[in-house]
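1. sequence and predicted structure are below.
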Amino acid sequence: MNPDSRLSRSNLIGLVLTACTVIVFSPALGNGFVNYDDEIYVTANPDVRSGLNTGSIMWAFQTTQASNWHPLTWLSLELDAEIYGDKPSGFHLTSVLLHALTVWLLYAWLARTTGAVATSALAAAFFAWHPLRVESVAWVSERKDVLSGLFLILMLWMYERHARRGHISYLVAAILLYACGLMSKPTLVSVPFLLLLLDYWPLGAMPVALHRPVRPRLVEKVPFFALATASAAITWTVQHQGGAMVTAEQLPWAYRLDNALAAIAVYLWQTVWPAQLMAFYPYDLTSHLRSEATVGLGLLLLVSLVALAMWRRLPYLFVGWFWFLIALVPMLGIVQVGTQAHADRYTYIPSIGLAMALAWSVARLGTTQWIGGRVLAVLALIALSVLAAMTGIQCRYWHDSESLWGHALQINDQNYYAHFSIGLALRRNDKLDQAIEHYKRAADLDPQFPEAEHNLGAALAKQNKYQDAIEHFQKALAINAARPNTWSSLAAAYAELGDFERATAAAQKALEAALAMNQLKLAEEMRMRLRRYEHHQP
């Protein structure tokens, strides 16, 4: 086969991969927004909904909303709002196209650096069509995954060209693209270590790279490590100030370590058997994870020892496995942000390593006498088809909030967050009695969850059961007294009962909490209410 025909074949495979990726995720195009951060990122965010303008662009670089600093993610959502307005289909289309483009570039990069076109296609397809990708692609708020993934693969292209040609301009371009990736999602902080792996394979296998001295390879990583350190420092500060970090009192370090080891086992199992995936996996603090952690530690040691022992003979296993582990470290929950035990979206970048290790292992198996190459290809196509079908089904669960959380509760009826979230959806759809039942269930499952008590109180207040509502507002404030909205709701409930003395005291607390949290609009509303309440007091 001449080089031109090989190139055209490779390009055709890339186009087919891209088109199939769009088709696999096409069910997401009919989905709406969900009540899982989408209101923070889009539907209730005036800066995003205003589209691209001077004010919204400045806001994107200045804001730490959602306890993160990711200005390029905000800008991409603002651009969607500029083009599509409030139509969720447009936002979903952008996410699907970003994922499809990332898949094409990943395939082309692997094919370019290894020369193994079919194996590269298998790796890219496994990464692209796996159901674990659904949360990253079908959830608008997780735009940061697909955007950072795209910048990562673009960076790898520039880094490979630098390794091949030695031009400093390519290295500078790689550094700038890495900065863009970090400004999309800061979990890319582990990328400098991934580059060290890629220096060994596949980049180290290129003839031109075999003679590259080791010391310059290390020196050229310094800007990447500097960017990663700066991003980590910014993220730590923002998440600490925003109250997103879970304290050691809330979640002991020993439990975090056990959960991190258990999560490795969970991610590997879900990669092999991607069933019963859901939007939120809650911590179960009533159980001891020692057995699950032991399984995770056993797998970690076993695969790591095999990869280390075979690092010369099977470099793709070594690189793929340690890519998975290294990329996963920022999301393992040692420094815990949020209350999820693990999440499908956390596998987006780490799974690239597993895809490489799996695809090249399958290709090597096809060269043995145990199984023929054609039989293996047929089996691979069947497996990919099954994964693609499961992905399409998983996309449909994200159609709306009731569907999303109803599916989660079918899997785990003890999921307090799913009960709470479906309660929000039911209340919005005027199914108040059903919403109250789910709020009660959420509060029972997690007595330290103030949002459940607050929303239960708000729903009861809407039914004019103000005394019952007050009881639940007070429970929410007993858990966390720095809740201006709850103080405000408590003040309104007292006012409805004609107890303006207590209404004034609660409104004053709401004003103080709103000012402390820089919620100026709510603070002004409390000032107005205080003036009204004063007229009713003797």
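-> Received, thanks.
2. correct me, but L426 touches H438?
-> Yes - with contact defined as CB atoms under 8 Å, L426 counts as touching H438 (6.6 Å). C-beta coordinates here come from the backbone N, C-alpha and C atoms, glycine included.
3. for the two, indicate the residue with more neighbours.
-> Neighbours per residue (other CB atoms under 10 Å) separate L426 from H438, with H438 holding more: 27 against 22.
4. other SSEs contacting the host helix or strand of L379?
-> Using DSSP states H and E, L379 sits within helix 373-397. Judged by 3 or more CB pairs under 8 Å, 6 or more residues apart in numbering; DSSP states H and E, the packing partners of helix 373-397 are helix 3-24, helix 117-129, helix 134-138, helix 350-365, helix 401-411.
5. closest to P202 out of those helices?
-> Minimum separation from P202 across those (CB to CB) falls at helix 350-365, 8.7 Å.
6. how far is that closest one from where the chain is centred?
-> Chain-centre distance of helix 350-365: 23 Å, with CA atoms, centre = their mean, to the nearest Å.
7. one more: stretch 193-206?
-> Remark: stretch 193-206 is offset 26 Å from the chain centroid, using CA atoms, centre = their mean.
8. for the record, mean pLDDT for the helix holding L379?
-> Helix 373-397 shows a mean pLDDT of 94.
9. in that helix, what's buried?
-> Neighbour counts over helix 373-397 (16 or more other CB atoms under 10 Å) mark L376, A380, L384, L387, A388, M390, T391, G392, Q394, C395, Y397 as buried.
10. give me the pLDDT for the residue nearest to the third one when sequence neighbours are not counted.
-> Read it as L384. Spatially, and ignoring its direct neighbours in sequence, L384 is nearest to A125 (5.3 Å; CB to CB, 6 or more residues apart in numbering). Per-residue confidence for A125 comes out at a pLDDT of 98.
11. alpha carbons of the one helix or strand in the chain whose mean pLDDT sits lowest, in PDB - could you do that?
-> Sorting the helices and strands of the chain by mean pLDDT, DSSP states H and E puts helix 214-219 at the bottom, at a mean of 82. Coordinates of each C-alpha in helix 214-219 appear next as PDB, following Å, rounded to 0.1, in the frame of the first residue of the first chain:
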ATOM      1  CA  VAL A 214      17.100  12.900  28.900                       C
ATOM      2  CA  ARG A 215      18.000  16.200  30.600                       C
ATOM      3  CA  PRO A 216      16.400  18.500  28.000                       C
ATOM      4  CA  ARG A 217      13.200  16.400  28.200                       C
ATOM      5  CA  LEU A 218      13.100  17.100  31.900                       C
ATOM      6  CA  VAL A 219      13.900  20.800  31.500                       C
END
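12. from here on, count from 223
-> Renumbered: residue one is now 223, and that last one reads helix 436-441.
13. who touches that helix?
-> Helix 436-441 has contacts (CB atoms under 8 Å, 6 or more residues apart in numbering) with L418, D421.
14. the helices and strands packed on helix 595-619: which one's closest to I262?
-> helix 623-633 (14.2 Å).
15. check which helices and strands the next helix or strand after that closest one sits against.
-> Scanning forward in sequence from helix 623-633 by DSSP H and E, the next helix or strand is helix 638-650. Using 3+ CB pairs under 8 Å, 6+ apart, the elements in contact with helix 638-650 are helix 623-633, helix 654-667, helix 672-684.
16. name the stretch among those helices that sits most buried.
-> Mean neighbour count (mean count of other CB atoms under 10 Å) peaks for helix 672-684 among those, with a mean of 23.
17. now the angle from that helix to helix 638-650?
-> Going by axes from the mean of the first three to the mean of the last three CA atoms, to 10 degrees, helix 672-684 is angled at 20 degrees with respect to helix 638-650.
18. helices or strands next to helix 672-684 in the packing?
-> With contacts defined as 3+ CB pairs under 8 Å, 6+ apart, the packing partners of helix 672-684 are helix 638-650, helix 654-667, helix 688-701, helix 706-718.
19. pull the third one out as CSV, backbone CA atoms only.
-> Same thing as helix 688-701. This file holds the C-alpha atoms of helix 688-701, laid out as CSV (Å, rounded to 0.1, in the frame of the first residue of the first chain):
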residue,chain,number,x,y,z
TYR,A,688,-46.3,27.6,58.3
GLN,A,689,-45.8,26.1,61.7
ASP,A,690,-44.5,22.8,60.2
ALA,A,691,-42.4,24.8,57.7
ILE,A,692,-40.8,26.8,60.6
GLU,A,693,-39.8,23.5,62.3
HIS,A,694,-37.9,22.4,59.2
PHE,A,695,-36.3,25.8,58.6
GLN,A,696,-35.0,25.6,62.1
LYS,A,697,-33.6,22.1,61.5
ALA,A,698,-31.7,23.4,58.4
LEU,A,699,-30.2,26.3,60.4
ALA,A,700,-29.2,24.0,63.2
ILE,A,701,-27.1,22.1,60.7
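20. now the helix holding L601 against helix 623-633, angle please.
-> 120 degrees.
21. highest mean neighbour count out of the helices and strands packed on helix 595-619?
-> Greatest burial across the helices and strands packed on helix 595-619, using mean count of other CB under 10 Å, falls to helix 356-360, with a mean of 27.
22. gap between it and the chain center?
-> What separates the centre of helix 356-360 from the centre of its chain is 8 Å, taken as CA atoms, centre = their mean.
23. what does stretch 270-280 give?
-> Mean-position distance between stretch 270-280 and its chain equals 24 Å (CA atoms, centre = their mean).
24. what about it, average pLDDT?
-> Rounded mean pLDDT across stretch 270-280 is 97.
25. and what of stretch 722-732?
-> Computed over stretch 722-732, the average pLDDT equals 95.
26. which residues does it contact?
-> Against stretch 722-732 from outside (CB under 8 Å, 6+ apart): 706-707, 709-710, 712-714, 716-717, 744, 748, 751-752, 755-756, 758-759.
27. and for stretch 579-599?
-> By CB under 8 Å, 6+ apart, stretch 579-599 touches 338, 340-342, 344-345, 348, 536, 538-539, 541-543, 546, 602.
28. same check on stretch 540-550?
-> 412, 415-416, 419-420, 422-424, 486, 489, 522, 525-526, 529-530, 532-533, 568-569, 571-580, 582.
29. what's the answer for stretch 482-500, then?
-> Outside stretch 482-500, the residues touching it (CB under 8 Å, 6+ apart) are 352-354, 356-357, 511, 514-519, 521-522, 547, 550, 554-556, 563-564, 566, 568-569, 572-573, 576, 609, 612, 616, 629-630, 633-634, 637, 640.
30. run the last query once more with 7 Å
-> With contacts defined as CB atoms under 7 Å, 6 or more residues apart in numbering, stretch 482-500 is touched by 352-354, 511, 514-515, 517-519, 521-522, 554-556, 563-564, 566, 569, 573, 576, 612, 616, 629-630, 633.
31. ranges for the strands of the stretch 373-522 of the chain?
-> Counting by DSSP state E, counting those that start in this stretch, one finds strands in the stretch 373-522 of the chain at the ranges 503-504.
32. what packs against the top helix by length along the chain?
-> Ranked by residue count and defined by DSSP state H, the top helix of the chain is helix 310-336. Helix 310-336 sits against helix 225-246, helix 293-306, helix 339-351, helix 356-360, helix 365-387, with contacts defined as 3 or more CB pairs under 7 Å, 6 or more residues apart in numbering; DSSP states H and E.
33. next, the buried residues of it.
-> The neighbour-count check on helix 310-336 (16+ other CB under 10 Å) flags 310, 313-336 as buried.
34. give the contact list for P293.
-> Contacts for P293 were tallied using CB under 7 Å, 6+ apart; they are A282, F283, M405.
35. could you redo the last one with a cut-off of 10 Å?
-> I279, M280, W281, A282, F283, Q284, T285, C402, M405, S406 (CB atoms under 10 Å, 6 or more residues apart in numbering).
36. this protein - how does it break down into domains?
-> Domain segmentation of the chain under automatic domain parsing yields 225-621, 624-758.
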